Each structure stands twice: as C-alpha cells, then as structure tokens.
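# take a look and give me a structure for this.
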Amino acid sequence: MLNKDSEQLQHTIKAFIRRGREYYIAQCFEIAVVTQGKTLDETVANLREAVLLHLEGEDLLELGLTPHPTLLITMELEPLADVA
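The predicted model follows:
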C-alpha cells in the first residue's frame, strides 16, 4: 500500500541512449545506472537488466519510486540530412 505522499513518487525511471564511438550508451537520470551495447536491442536489454539488479533488495519508497516503476527511454538519433 502506498502512503499519502504517493503522488510525489516517481512512476518512471528515465533513461537516455546515445551513440558512442563503438557502442550505444544508456544512462538513467534518477538512479546510478549506466550500461552499453553494440545494438539498440542489446543496449535496451542491458539497461533493463542493470536497472532490475540495481533495484533488487532496495526500498523503492526510500528512492522516491512507486513499487512498480516503468522505464522511459529517450534516444538521440543521428543528425538529419540537410532538409532545407
């Protein structure tokens, strides 16, 4: 059961994926998780696993998270071709 301050708890863990030289790099904003992968699929899978491992055994309420947070991923794409 959530406490009366549950409206202030985060329902999502936000992460950002960007392209590095050889790997995609994923980093969370709310928790200290950074991972990488050769493909986007591998990076997302690694991120999900790293977040689950990081939160394992933690009191999510103490971290300001709801009991079942979701993972929201923003991705930086390659620059667009000149559209002008």
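# residue contacts, the closest residue to L72 other than its chain neighbours?
Residue nearest to L72 in three dimensions, not counting chain neighbours: T12, with 4.4 Å by Cβ to Cβ, 6 or more residues apart in numbering. In this view, the C-beta of every residue, glycine as well, is placed from N, C-alpha and C. The contact partners of T12, by Cβ atoms under 8 Å, 6 or more residues apart in numbering, come to P69, T70, L71, L72.
# tell me the SS of T12?
When classified by DSSP: H, G, I helix; E, B strand; the rest coil, T12 comes out as strand.
# what's the helix or strand for the spatially most central residue of the chain?
Closest to where the C-alpha atoms of the chain average out (Cα atoms, centre = their mean) is A15, at 3.1 Å. Assigned by DSSP states H and E, A15 belongs to strand 10-19.
# per-residue pLDDT, the closest residue to L71 other than its chain neighbours?
Leaving aside its sequence neighbours, L71 sits nearest to I13 (Cβ to Cβ, 6+ apart; 5.3 Å). Per-residue confidence at I13 stands at 96 (pLDDT).
# so I13 touches I31, yeah?
Yes: in this structure I13 lies within contact range of I31 using Cβ atoms under 8 Å: 6.3 Å.
# and these two? which has more neighbours close in?
I13 (21 against 18; other Cβ atoms under 10 Å).
# what sits against the nearest residue to C28 once chain neighbours are set aside?
Leaving aside its sequence neighbours, C28 sits nearest to A15 (Cβ to Cβ, 6+ apart; 4.7 Å). Taking Cβ under 8 Å, 6+ apart as the contact definition, A15 lies against A26, Q27, C28, F29, V33, L47, V51, L71, L72, I73, T74.
# among those, which ones are buried?
Neighbour counting by 16 or more other Cβ atoms under 10 Å classes A26, C28, V33, L47, V51, L71, I73 among these as buried.
# tell me how far the fourth one lies from Q8.
What that stands for is L47. 25 Å (Cβ to Cβ, to the nearest Å).
# same thing with the third one?
Counting by Cβ to Cβ, the separation of V33 from Q8 is 22 Å.
# next up, the contacts around C28.
Contacts of C28 (Cβ under 8 Å, 6+ apart): I13, K14, A15, V34, L47, V51.
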